[in-house]
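In: below are the sequence and a predicted model; questions follow.
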Amino acid sequence: MKIKLLPVLFIVLLSELSVGNYAQAKKIFYAAENVQTKMEKKKYAEQVKREFLHAWDGYKKFAWGHDDLNPLSKTFKDWYGTSLFMTPVDAFDTMVLMGLKDEAFGAKELIVKNLSFDKNIFVQNFEITIRLLGGLLSAYELDGDKRFLNLAEDLGKRLLPAFNSKTGMPYVYVNLKTGETKNEINDPAEIGTLMLEFGTLSILSGNPIYYYKAKHAVEELYKRRSAIGLVGTLINVNTGKWVNTKSHIGGMIDSYYEYLLKSYLLFGDKDFKMMYDSSIAAVNKYLADTVSTGFWYGTVDMNTGKRLSTTFGALNAFMPAVLALSGDMQRAEKLQQSCFNMWKTFDIEPEQINYKSMKIISPQYVLRPENIESAYYLYYFTGDDKYLDMGKYYLESIIKFCRTDSAYASLKDVRTKEKADNMQSFFLAETLKYLYLLFAEESTFDFNRMIFNTEAHPLKKFHETK
Ligand code: DMJ
């Protein structure tokens, strides 16, 4: 952060310098810098909190009790025609971390009195697991109200039939009432991003079935990696055959890698460490790409390692956080610099670019958190102020381009800045949470005690891995 020395300290500093007391002057300079940074961080943390309240107020006014707010038409959307309270469940623990007690109480009342999973609807197992199951488990751990856990357990039971394929890898959809399943073509992210939630549910409920099913699915996927150690984009969960062999770290694969590492950190289960270590070695060997625009991870064929495209995007920007969490600071810092450049080049981050030509492939910005999440992890682990500056840039551009009179809106195109009528629940669960944590007191979140699921719901560690 830029140093604007406090006036009093500046005078003291000058007087020390004038009598030649350089050591003392240096001390004063650093003390002043520290105070300045703390004050600025506090100011930004408060601002993020205000922006959160602005978005939440819009939800309350125009979408109360529904899944999502449509911020331009000031209407609402329910994903499956009936509400599963996506936004309040996703936003609850952000309110707790921000110390917004009244808001948290209101959201909790809404959830525990109205949320029911006894519905004849097909839901996407992955989305419901990371947003709702993760949100409810985290709410229970932070708040202690057993009703959150009861809801989580009821949901977990209803999701279990998703794993009833020939391999044990889950189908994409499961019916919450009948247990029927559909869509046997699934991807590594949706197969491998269930462990933190199902594993936590096993520990909190005392029923090992959830841990077993989610871990078995990951192992079935892992054993189908190619001879060079990579996974593809699509796999048939009954035949176990790959349907699309493109390997990358973007959407449809991304959080598979994240959960291999985090499952080890959360549960201390060494099988996950082994799977993470061997997978990330292959990713670093075949996907990593250094070009004139920086250090990136591109797309290759999972069997041959042949480079297929130089595509990177908003979702891929989760990777610096995972690398930092694993201790690989060198790659994490280099990649975060590229992620920041991707954001800055277009004022705000596009969904996908060609990182070689720095040309846009998909122009929308849907209020995604990953770039900010990674800046937060890097600040947490390095203490380097440059990540605070990145955070300021992210926050200011989101306010400038996405704020509406009712809440926040996605952008259809980062070039024209034309807005789109949606505000995904992860904006409240993740984007604003990570921005807040970046500027808040470091003690607000302790990585030694908790791990974020992929939707930024903090879950308690059950094992000491440090
Ligand atoms: C969120 O639902 C999660 O972070 C998921 O892992 C990826 N997509 C969105 C945010 O971009």
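Out: Perfect, I can see it now.

In: quick one: residues contacting residue 368.
Out: Going by CB atoms under 8 Å, 6 or more residues apart in numbering, residue 368 touches 314-315, 317, 349, 351, 426, 431. For every residue, glycine as well, the C-beta is placed using N, CA and C.

In: and the ligand, which of the residues you listed contact it?
Out: 315, 426 (CB under 6 Å from any ligand atom).

In: if you look at the contacts of residue 368, which of them are in strands?
Out: Applying DSSP state E to these, no entry is found in strands.

In: of all the contacts of residue 368, which comes closest to residue 162?
Out: Using CB to CB, residue 426 is the member of the contacts of residue 368 that sits closest to residue 162, with 21.3 Å.

In: pull up the gap between the closest one and residue 358, please.
Out: Distance, residue 426 to residue 358, using CB to CB, to the nearest Å: 26 Å.

In: just the ones of the contacts of residue 368 in helices?
Out: Judged by DSSP state H, the subset of those located in helices is residue 426.

In: of the contacts of residue 368, which is the nearest to residue 39?
Out: Using CB to CB, residue 431 comes nearest to residue 39 of the contacts of residue 368, at 24.2 Å.

In: who touches that closest one in this structure?
Out: The contact partners of residue 431, taken as CB under 8 Å, 6+ apart, are 367-369, 372, 398.

In: quick one: find the helix or strand in the protein with the lowest mean pLDDT.
Out: helix 7-18 (a mean of 74; mean pLDDT, DSSP states H and E).

In: list the buried residues of it.
Out: Neighbour-count burial for helix 7-18, counted by 16 or more other CB atoms under 10 Å, picks out 9, 12-13, 16.

In: distance from it to the middle of the chain?
Out: With CA atoms, centre = their mean, to the nearest Å as the basis, helix 7-18 stands 44 Å off its chain's centre.

In: of residue 426 and residue 358, which one has the most company?
Out: Taking other CB atoms under 10 Å, residue 426 and residue 358 do not tie; residue 426 has more neighbours (24 against 15).

In: how near is the more buried one to residue 327?
Out: 27 Å.

In: cool, residue 67 as well?
Out: Using CB to CB, residue 67 is found at 38 Å from residue 327.

In: identify all contacting residues around stretch 381-401.
Out: Under the contact criterion CB under 8 Å, 6+ apart, stretch 381-401 has outside partners 1, 37, 40-41, 44, 47-48, 51, 324-325, 329, 332-333, 336, 340, 343-344, 347-348, 365, 367, 371-372, 375-376, 378-379, 408, 411, 414, 417, 431, 435, 438-439.

In: ok, is stretch 319-339 in contact with the ligand or not?
Out: No. Counting by CB under 6 Å from any ligand atom, the ligand has no neighbours in stretch 319-339; the shortest distance is 10.6 Å.

In: which strand or helix spans the residue of the stretch 151-300 of the chain at minimum distance from the ligand?
Out: The nearest approach of the stretch 151-300 of the chain to the ligand comes at residue 255, 4.5 Å away (CB to the nearest ligand atom). Under DSSP states H and E, the secondary-structure element containing residue 255 is helix 254-267.

In: helices and strands around that helix, which ones?
Out: helix 188-192, helix 195-205, helix 209-222, helix 270-286, helix 319-326, strand 450-452 (3 or more CB pairs under 8 Å, 6 or more residues apart in numbering; DSSP states H and E).

In: now with 7 Å, please.
Out: Packing partners of helix 254-267 (3 or more CB pairs under 7 Å, 6 or more residues apart in numbering; DSSP states H and E): helix 188-192, helix 195-205, helix 270-286, helix 319-326, strand 450-452.

In: just these: most buried one?
Out: Burial of the helices and strands packed on helix 254-267 is given as mean neighbour count (mean count of other CB atoms under 10 Å); helix 188-192 ranks first at a mean of 27.

In: that one close to the ligand?
Out: No. For helix 188-192, no contact with the ligand is found by CB under 6 Å from any ligand atom; the gap never falls below 7.1 Å.

In: may I see the helices and strands packed on helix 254-267 organised as a markdown table, with distance to residue 260 and mean pLDDT added?
Out: A markdown table is the format used below for those (distance: least, CB to CB, whole Å; pLDDT from 0 to 100):
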| stretch | distance to residue 260 | mean pLDDT |
| --- | --- | --- |
| helix 188-192 | 7 | 99 |
| helix 195-205 | 9 | 98 |
| helix 270-286 | 4 | 98 |
| helix 319-326 | 9 | 99 |
| strand 450-452 | 13 | 98 |
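
In: with distance to residue 394 added, can I get those in CSV?
Out: Below are those laid out as CSV (distance: least, CB to CB, whole Å):
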stretch, distance to residue 394
helix 188-192, 24
helix 195-205, 25
helix 270-286, 25
helix 319-326, 14
strand 450-452, 18
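
In: relative to residue 133, which of these is closest?
Out: Using CB to CB, the nearest of these to residue 133 is helix 195-205, at 4.4 Å.

In: give me the helices and strands touching the closest one, please.
Out: helix 134-143, helix 146-159, helix 209-222, helix 254-267.

In: can I get that helix as CSV, trimmed to CA atoms?
Out: Extracted in CSV, the C-alpha atoms of helix 195-205 (Å, rounded to 0.1, in the frame of the first residue of the first chain):
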residue,chain,number,x,y,z
MET,A,195,-15.3,-35.0,0.0
LEU,A,196,-15.1,-32.1,2.4
GLU,A,197,-18.9,-31.9,2.8
PHE,A,198,-19.7,-35.6,2.9
GLY,A,199,-16.7,-36.3,5.1
THR,A,200,-17.6,-33.6,7.5
LEU,A,201,-21.2,-34.9,7.6
SER,A,202,-19.9,-38.4,8.5
ILE,A,203,-17.9,-37.0,11.4
LEU,A,204,-20.7,-34.8,12.7
SER,A,205,-23.4,-37.4,12.3
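
In: contacts for it?
Out: 129-130, 133-134, 137, 149, 152-153, 156, 208-211, 213-215, 218, 259, 262-263, 266-267, 451, 453, 459, 462 (CB atoms under 7 Å, 6 or more residues apart in numbering).

In: out of these, which are buried?
Out: If we count by 16+ other CB under 10 Å, the contacts of helix 195-205 have these buried: 129-130, 133-134, 137, 149, 152-153, 156, 210-211, 213-215, 218, 259, 262-263, 266-267, 451, 453, 459.

In: secondary structure element for the nearest residue to residue 294 once chain neighbours are set aside?
Out: Nearest residue to residue 294 in three dimensions, chain neighbours excluded: residue 338, at 3.8 Å (CB to CB, 6 or more residues apart in numbering). Residue 338 is part of helix 329-345 when elements are defined by DSSP H and E.

In: quick revisit: kindly reformat the helices and strands packed on helix 195-205 as a markdown table containing mean pLDDT and distance to residue 387.
Out: Formatted as a markdown table, the helices and strands packed on helix 195-205 follow (pLDDT from 0 to 100; distance: least, CB to CB, whole Å):
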| stretch | mean pLDDT | distance to residue 387 |
| --- | --- | --- |
| helix 134-143 | 98 | 25 |
| helix 146-159 | 98 | 33 |
| helix 209-222 | 99 | 31 |
| helix 254-267 | 98 | 19 |
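
In: which single one of the buried residues of helix 7-18 is nearest to residue 240?
Out: Using CB to CB, residue 9 comes nearest to residue 240 of the buried residues of helix 7-18, at 65.8 Å.

In: identify the residues contacting that closest one.
Out: 28, 32.

In: quick one: low-confidence ranges for the chain?
Out: Scanning the chain for pLDDT under 70 picks out 1-8, 464-466.
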